[in-house]
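Enquirer: what would the 3D arrangement of this be:
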Amino acid sequence: MAFRYMLGAGLALALAACGTVGPQPQTVSPAITAAPPATAAPATAVPPATAAPPATAAPATAAPPATAAPATAAPAGAPGAELLFLRGGTLIALSLGTRAERRLADKVLDFAATPGGDLIALVRDLGKSGDDAGHDLWLIGRDGTGLRRLTTNGFERIEATPAWSPEGQALAYASADTSDPYERSWMEWSAWCAASEIHVLDLASGADQSFGGGCDPAISPDGKRIAYATPPSVRYEGANAPNAGNSIRLINRQGQNGWNFAQASAAPDAPAARRGLLVYAPAWSPDGKQLVYHRFLGYQALVDISMSEIGGSLEGQGRPLSSGAGWQLPARFAPDSRTLAIVENNFSDARGFGGYDDWSAVAIRLEGTRELALPEGPISAVGQLAGDLPRAQAAAWAPGGQTLAVLLPPGWSPTAAQNEPYGHAGEPGEIWRWQPGQPPTERLAEQVDFASPLVWLP
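Expert: Next up, the predicted model:
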């Protein structure tokens, strides 16, 4: 079961992602920098073998990127629009109108904003000593006021992945009986989710309800249902702890009427709809009609493969959407529900480059179908590839849904060779504006934490 790191580079390329800080005086970020125009580097296709049945949960590699159009300047940020990101663990709000920055809170690991952007939930690490020590949930206003603690588990439990209800009055999150932080890679995720419970906290009353074991919660846009990943229950290939066999489960807000939206059995002879080792990271479309999740298929053709699938939120039956190597972050839908972006972290990249080279992003338009090349043969997948972007670590849609903010390496250039190590592993990167199908053309921020989350507020 050990990961294979020393592998053929060619095949891997074929499958290639309580101290408080009070309101601070605004500072102005560096001026916008335009990148020179370039064309996207083509991806290498995996040779087809036998065709997989339709609607199977098989892995897929990224389709060849769209040819880059000449770079054009993106429109300026709308008045009041802000980007949230981390710099040195401090949550920064960057105005896209004035380029002024505000420091909101320090010692932040993760964050999530209400749909309107008025409130921000924080996961903060305040160390292992002192009255406020712990790894808990906090709340702060967008204006930087009202910072308060929501959970007080200290290091007895670790909180992660906050997700808001649409009205901004309740917060779903995962809370694990472990001292280890939440991580997005196979074995680490499995151990964390096995120790985790799903909670929903009502802000007005303070009532905190547990819905049993699971992780990666996501509340539906109408606020009536919760999707989450159940804990793994199978010890695959003799592992010391469960690392396979689970489901994406849907329940109502009272924890009732639960059903399995998608499953992974870890059995070699499992039917197509239950194949693979794990399913994880459910994400709702803004209109609530569809749900995207990822299926980890494990080691195939010298690469650890994950498959993204999409299904109707009332019927399940996920269909292939995209795939890549390693582990995928939750899909990010554009506001119109017609396009989405997926970021991957190829944690077992055979090239051994590491750092930003393990990451990439794709954007997919949910129209028509396309063919994906897999080790077992080509399959039909939902949607058309709108663009791909090597070395992108995070993505957030603009409120208008035409462009994304993406996190790229320091000194990023569209002319950088894709088959050579870029370096700068672990170093702060840059946020750029990206219109899928074209190279990023506008740098928005520098000195952004490696693998920082991004949120674009209206």
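
Enquirer: quick one: residues in contact with the longest helix along the chain.
Expert: Taking DSSP state H as the criterion, the chain has its longest helix at helix 186-194. Applying CB atoms under 8 Å, 6 or more residues apart in numbering, the external contacts of helix 186-194 come out as 158, 160, 174, 176, 178, 180-183, 213-216, 229, 231-232, 239, 241-244, 246, 277-278, 280, 296, 298, 304, 327, 347. Backbone N, C-alpha and C define where each C-beta goes, glycine included.

Enquirer: so which bits of that helix are buried?
Expert: 186, 188-194 (16 or more other CB atoms under 10 Å).

Enquirer: what's near enough to touch the residue nearest in space to the middle of the chain?
Expert: Among the residues of the chain, the one closest to the centroid is residue 329, at 2.5 Å (CA atoms, centre = their mean). Taking CB under 8 Å, 6+ apart, we find residue 329 in contact with 184, 281, 342-345, 394.

Enquirer: okay if I get those residues as a markdown table plus pLDDT?
Expert: What follows is the contacts of residue 329, written out as a markdown table (pLDDT from 0 to 100):
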| residue | pLDDT |
| --- | --- |
| 184 | 94 |
| 281 | 99 |
| 342 | 99 |
| 343 | 98 |
| 344 | 97 |
| 345 | 95 |
| 394 | 98 |
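
Enquirer: looking at those, spot the one nearest residue 114.
Expert: residue 394 (19.4 Å; CB to CB).

Enquirer: quick check, the closest one in contact with residue 406.
Expert: Yes: assessed by CB atoms under 8 Å, residue 394 is found in contact with residue 406 at 6.8 Å.

Enquirer: find residues that contact each of these two.
Expert: Listed as contacting both residue 394 and residue 406 by CB under 8 Å, 6+ apart are residue 454.

Enquirer: can you show me the strands along the stretch 301-450 of the chain?
Expert: Listed in chain order, the strands of the stretch 301-450 of the chain (DSSP state E, counting those that start in this stretch) span 303-312, 316-325, 327-328, 332-333, 339-345, 359-372, 379-390, 395-397, 404-408, 429-434, 442-448.

Enquirer: now for the fourth one, which elements pack on it?
Expert: To tie it back to what came earlier, the one meant is strand 332-333. Helices and strands touching strand 332-333, by 3 or more CB pairs under 8 Å, 6 or more residues apart in numbering; DSSP states H and E, are strand 278-284, strand 339-345, strand 395-397.

Enquirer: what strands line up against that strand, and which way round?
Expert: Using DSSP bridges, strand 332-333 pairs in its sheet with strand 339-345 (antiparallel).

Enquirer: what do you get for the longest one?
Expert: On the basis of DSSP bridges, the sheet neighbours of strand 359-372 come out as strand 339-345 (antiparallel), strand 379-390 (antiparallel).

Enquirer: also the first one?
Expert: Taking DSSP bridges as the criterion, strand 303-312 pairs within the sheet with strand 290-300 (antiparallel), strand 316-325 (antiparallel).

Enquirer: dump those into JSON lines; add mean neighbour count, distance to residue 387 and mean pLDDT as well.
Expert: Formatted as JSON lines, those follow (neighbours: other CB atoms under 10 Å; distance: least, CB to CB, whole Å; pLDDT from 0 to 100):
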{"stretch": "strand 290-300", "mean neighbour count": "24", "distance to residue 387": "18", "mean pLDDT": "94"}
{"stretch": "strand 316-325", "mean neighbour count": "24", "distance to residue 387": "12", "mean pLDDT": "92"}
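
Enquirer: can I get these in CSV with distance to residue 368?
Expert: Listed next are those as CSV, based on distance: least, CB to CB, whole Å:
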stretch, distance to residue 368
strand 290-300, 16
strand 316-325, 12
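
Enquirer: between these, which one is nearest to residue 87?
Expert: strand 316-325 (27.8 Å).

Enquirer: can you give me the angle the closest one makes with strand 278-284?
Expert: 110 degrees (axes from the mean of the first three to the mean of the last three CA atoms, to 10 degrees).

Enquirer: show me the contacts for residue 212.
Expert: With CB under 8 Å, 6+ apart, residue 212 has these contacts: 197-198, 255.

Enquirer: swap in residue 423?
Expert: Counting by CB under 8 Å, 6+ apart, residue 423 touches residue 355.

Enquirer: and it, what pLDDT?
Expert: Looking at residue 423, its pLDDT stands at 88.

Enquirer: likewise residue 170?
Expert: 98.

Enquirer: now the strands of the stretch 301-450 of the chain as CSV including distance to residue 456?
Expert: As requested, those are arranged in CSV below (distance: least, CB to CB, whole Å):
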stretch, distance to residue 456
strand 303-312, 22
strand 316-325, 22
strand 327-328, 20
strand 332-333, 10
strand 339-345, 12
strand 359-372, 15
strand 379-390, 16
strand 395-397, 4
strand 404-408, 6
strand 429-434, 10
strand 442-448, 10
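
Enquirer: one step back: and the helices and strands packed on strand 332-333: which comes nearest residue 82?
Expert: Among the helices and strands packed on strand 332-333, strand 395-397 comes nearest to residue 82, with 11.0 Å by CB to CB.

Enquirer: what residues does the closest one touch?
Expert: Here strand 395-397 has contacts from 83, 332-335, 341, 343, 361, 403-407, 434, 454-456, using CB under 8 Å, 6+ apart.

Enquirer: which neighbours does that strand have in its sheet, and in what orientation?
Expert: Sheet pairing for strand 395-397, assigned by DSSP bridges, gives strand 404-408 (antiparallel).

Enquirer: avg pLDDT for the strand it pairs with?
Expert: According to the model, strand 404-408 has a mean pLDDT of 99.

Enquirer: cool, stretch 372-389 as well?
Expert: Rounded mean pLDDT across stretch 372-389 is 92.

Enquirer: then it to CSV, C-alphas only?
Expert: Provided in CSV are the C-alpha atoms of stretch 372-389 (Å, rounded to 0.1, in the frame of the first residue of the first chain):
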residue,chain,number,x,y,z
LEU,A,372,-11.4,11.1,-21.3
ALA,A,373,-8.5,8.8,-21.7
LEU,A,374,-8.0,6.3,-18.8
PRO,A,375,-5.7,3.4,-18.2
GLU,A,376,-8.6,1.0,-18.9
GLY,A,377,-9.7,2.9,-22.0
PRO,A,378,-11.6,6.1,-23.0
ILE,A,379,-14.9,7.0,-21.3
SER,A,380,-17.5,9.7,-21.9
ALA,A,381,-17.6,12.5,-19.4
VAL,A,382,-20.0,15.4,-18.7
GLY,A,383,-19.0,18.8,-19.9
GLN,A,384,-16.3,20.6,-22.0
LEU,A,385,-12.9,21.6,-20.8
ALA,A,386,-12.8,25.4,-20.6
GLY,A,387,-9.2,25.7,-19.6
ASP,A,388,-6.5,24.2,-17.4
LEU,A,389,-3.8,25.9,-15.4
